[in-house]
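Q: Here's my sequence, what's the structure:
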Amino acid sequence: EEAIELLPDIPLYFSDFCILLTQNGNYVTVIDENVYNLSLHERLDCGRIYGKLWIRGRRAGDTIRKGKMTKKLKKLLCDADIPKRIRDSLPIAEDGEGILYVPYIGARDLASADKNTEKAINLMIFKKKGTHHDHT
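A: Numbers count the residues shown, from 1 in each chain. Below you'll find the model as predicted:
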């Protein structure tokens, strides 16, 4: 399971997802709107991203820092009622400090941009149409 570097403005295709990192919201030109829907959007604080950003699949024992605690990804995804087949295909974003963002779970503590953020970047996750990720 290789990690792939996520570079700004270059769409990265992973499983049923397309991931895009961009300085602004202008994404329509790069994503095929007929195939993908914008599913998740997170504004991240560039000052809280350490080193390069990578996209990879979920691994056993993965954890993320949420609510001042280190929590197991498996438990968070189960608590969020994400079906197993989807949990296994999710693109996980990590930097030099560990997991930064997980779809449906959100960014780790302090990584999301807020009103004090000097420089933010958009992490957008598009989902292929016709792949059902709803809770049915």
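Q: which helices and strands does the lengthiest helix in the chain pack with?
A: Secondary structure assigned by DSSP state H gives helix 73-79 as the longest helix of the chain. Where contact means 3 or more Cβ pairs under 8 Å, 6 or more residues apart in numbering; DSSP states H and E, helix 73-79 is packed against strand 63-66, strand 98-102. Where you see a C-beta, it was placed from the backbone N, CA and C, and this is true even at glycine.
Q: Which pLDDT value goes with Ile49?
A: Per-residue confidence (pLDDT) for Ile49: 97.
Q: hmm, back to that, mind checking the pLDDT average for the very next helix or strand once past the longest helix of the chain?
A: Downstream of helix 73-79, the first helix or strand assigned by DSSP states H and E is helix 84-87. Averaging pLDDT along helix 84-87 gives 90.
Q: give me every residue that touches Leu110.
A: Asp45, Arg48 (Cβ atoms under 8 Å, 6 or more residues apart in numbering).
Q: Let the chain start at 504 from now.
A: In the new numbering, first residue 504, that becomes Leu613.
Q: one step back: ok, which of the helices and strands packed on helix 576-582 comes nearest Asp582?
A: Evaluated over the helices and strands packed on helix 576-582, closeness to Asp582 peaks at strand 566-569, with 10.9 Å, by Cβ to Cβ.
Q: in its sheet, what does that closest one sit against?
A: strand 572-575 (antiparallel) (DSSP bridges).
Q: Mind listing residues that contact the strand it pairs with?
A: Taking Cβ under 8 Å, 6+ apart as the rule, strand 572-575 contacts Gly564, Asp565, Thr566, Ile567, Arg568.
Q: filter the residues you listed to the buried ones?
A: Asp565, Thr566, Ile567, Arg568 (16 or more other Cβ atoms under 10 Å).
Q: Adding pLDDT and distance to Asp548 as columns, could you present those residues in JSON lines?
A: Below are the buried ones among the contacts of strand 572-575 laid out as JSON lines (pLDDT from 0 to 100; distance: Cβ to Cβ, whole Å):
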{"residue": "Asp565", "pLDDT": "97", "distance to Asp548": "22"}
{"residue": "Thr566", "pLDDT": "98", "distance to Asp548": "20"}
{"residue": "Ile567", "pLDDT": "98", "distance to Asp548": "16"}
{"residue": "Arg568", "pLDDT": "97", "distance to Asp548": "14"}
